[in-house]
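**Student:** below is the sequence, then the predicted model.
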Amino acid sequence: MTWKDTPMKLGYTTGYWSSGPPEGVTAAIAEADRLGFDSIWSAEAYGSDCLTPLAWWGASTSRVRLGTNIMQLAARTPTAAAMAALTLDHLSGGRFVLGLGVSGPQVVEGWYGQPYPRPLARTREYVEIVRAVLARSGPVEHDGDFFQLPHRGGTGLGKPLKSTVHPLRADIPIFLAAEGPKNVALAAEIADGWLPLFFSPKADSFYRAALAEGFARPGARRDLDAFEVAATVPIVVHDDIEWAADRLRPFVALYVGGMGAKSANFHRDVIARLGYEKECDVITEAYLAGDKKRAAAAVPTALVEDIALIGPVAKVRDELQRWRETVVTTLLVQGNAQQLRQIAELVG
């Protein structure tokens with residue numbers, strides 16, 4: 001069976017917490033599990049962590065896979081990430097998916113106090129160590145540019161160790177969040193799946209080429225048929241297209257204008273590559289000036305339609321076909337329990 005023969009799967013993403021837990025998330029997770037959603041996902045930025053909510057909410061589910069979208073690399077050492085994966089996979093009966101991402105320099109250096117340069121090389125080492133812990137074939141040793149096990153300095157008493165816990169699955173799936181072509185290629189080479197944020201069917205050939213480069217590298221784990229692409233795709237069903245777009249404009253403006261430094265915003269780069277370079281400049285200028293309303297108003301409806309499914313039922317159903325023809329295997333959606341039922345009916 002190839003990816004074209006496989007039905008589009010659905011996942012529910014709880015998103016980031018604001019000042020507290022998302023409203024209605026417990027009921028939505030229960031409904032996602034009941035509806036046969038493939039997965040639920042939790043996120044972290046610089047407030048709530050992604051593991052605690054996933055364990056707490058996931059404990060009440062029985063079928064859905066439980067994934068992090070994303071666990072930030074700078075927040076934990078590779079062995080700590082592997083320990084969390086081992087633990088949650090056991091507790092969930094083999095349903096855990098480890099979604100990893102580097103975040104950006106503002107968060108990595110400003111919040112975690114860690115260096116950001118060379119994120120791709122750092123990711124490669126990180127995943128190597130996680131896989132070594134999960135394999136449990138012997139004490140873990142690593143002498144890299146970013147991570148050394150045992151530590152090179154200190155007391156000199158460090159020794160290679162092997163996890164005391166035997167993995168329920170030594171091949172726990174690892175997904176990478178990636179936006180630039182080099183990072184997407186890395187995901188194809190060393191991971192089991194890719195977590196895009198602002199995917200658009202317009203960019204399918206661009207990402208297909210990046211993935212193909214990674215799959216072609218020596219030692220690549222998978223090919224396209226065995227690789228998962230779980231894309232966050234907002235869906236707003238409403239007869240008024242502009243009303244639906246208005247629900248998402250602030251979200252786009254936040255990421256284009258405020259989720260990254262002016263000189264290093266990878267979310268903005270994704271949107272600019274879709275043909276909205278000038279609009280990104282306007283959005284960024286307004287957002288950094290503190291005028292969030294003007295920033296949101298500068299987000300074109302066409303842009304929202306490129307990265308989301310909005311509008312009347314018939315329009316959304318028709319446009320779903322474009323997404324089914326892309327590399328995306330899973331749509332990660334948000335909403336309350338009622339909205340998830342509507343989405344499940346549309347996609348199913």
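**Tutor:** Good, I have the coordinates.
**Student:** CA only for contacts and neighbour counts going forward, please
**Tutor:** Noted.
**Student:** what does stretch 24-42 rub up against?
**Tutor:** With contact meaning C-alpha atoms under 8 Å, 6 or more residues apart in numbering, stretch 24-42 is reached by 9-16, 50-51, 53-54, 57, 60-70, 335-337, 340-341, 344.
**Student:** take the residues you listed and keep only those in helices.
**Tutor:** 51, 53, 54, 57, 337, 340, 341, 344 (DSSP state H).
**Student:** the last one: neighbouring residues, count only.
**Tutor:** What that stands for is residue 344. 16 (other C-alpha atoms under 10 Å).
**Student:** which among the ones in helices among the contacts of stretch 24-42 gets closest to residue 314?
**Tutor:** Within those, proximity to residue 314 (C-alpha to C-alpha) peaks at residue 344, which comes in at 14.5 Å.
**Student:** contacts only, for that closest one.
**Tutor:** Going by C-alpha under 8 Å, 6+ apart, the list of residues near residue 344 reads 10, 35.
**Student:** residue 158 should be in a strand, yeah?
**Tutor:** No: membership of residue 158 in a strand is not supported by DSSP: H, G, I helix; E, B strand; the rest coil, which gives coil.
**Student:** for it, report the pLDDT, please.
**Tutor:** The confidence metric pLDDT takes the value 95 at residue 158.
**Student:** please list all residues in contact with the nearest residue to it once chain neighbours are set aside.
**Tutor:** Leaving aside its sequence neighbours, residue 158 sits nearest to residue 150 (C-alpha to C-alpha, 6 or more residues apart in numbering; 5.4 Å). Neighbouring residues of residue 150 by C-alpha under 8 Å, 6+ apart: 141, 142, 158, 159, 160.
**Student:** switch the cut-off to 7 Å
**Tutor:** 141, 158, 159, 160 (C-alpha atoms under 7 Å, 6 or more residues apart in numbering).
**Student:** just the buried ones from these, in PyMOL syntax?
**Tutor:** In PyMOL, this line selects whichever of these come out buried by 16 or more other C-alpha atoms under 10 Å:
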select buried, resi 141
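**Student:** can I get the contacts of residue 150 in JSON lines including distance to residue 44?
**Tutor:** Formatted as JSON lines, the contacts of residue 150 follow (distance: C-alpha to C-alpha, whole Å):
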{"residue": "141", "distance to residue 44": "29"}
{"residue": "158", "distance to residue 44": "31"}
{"residue": "159", "distance to residue 44": "32"}
{"residue": "160", "distance to residue 44": "30"}
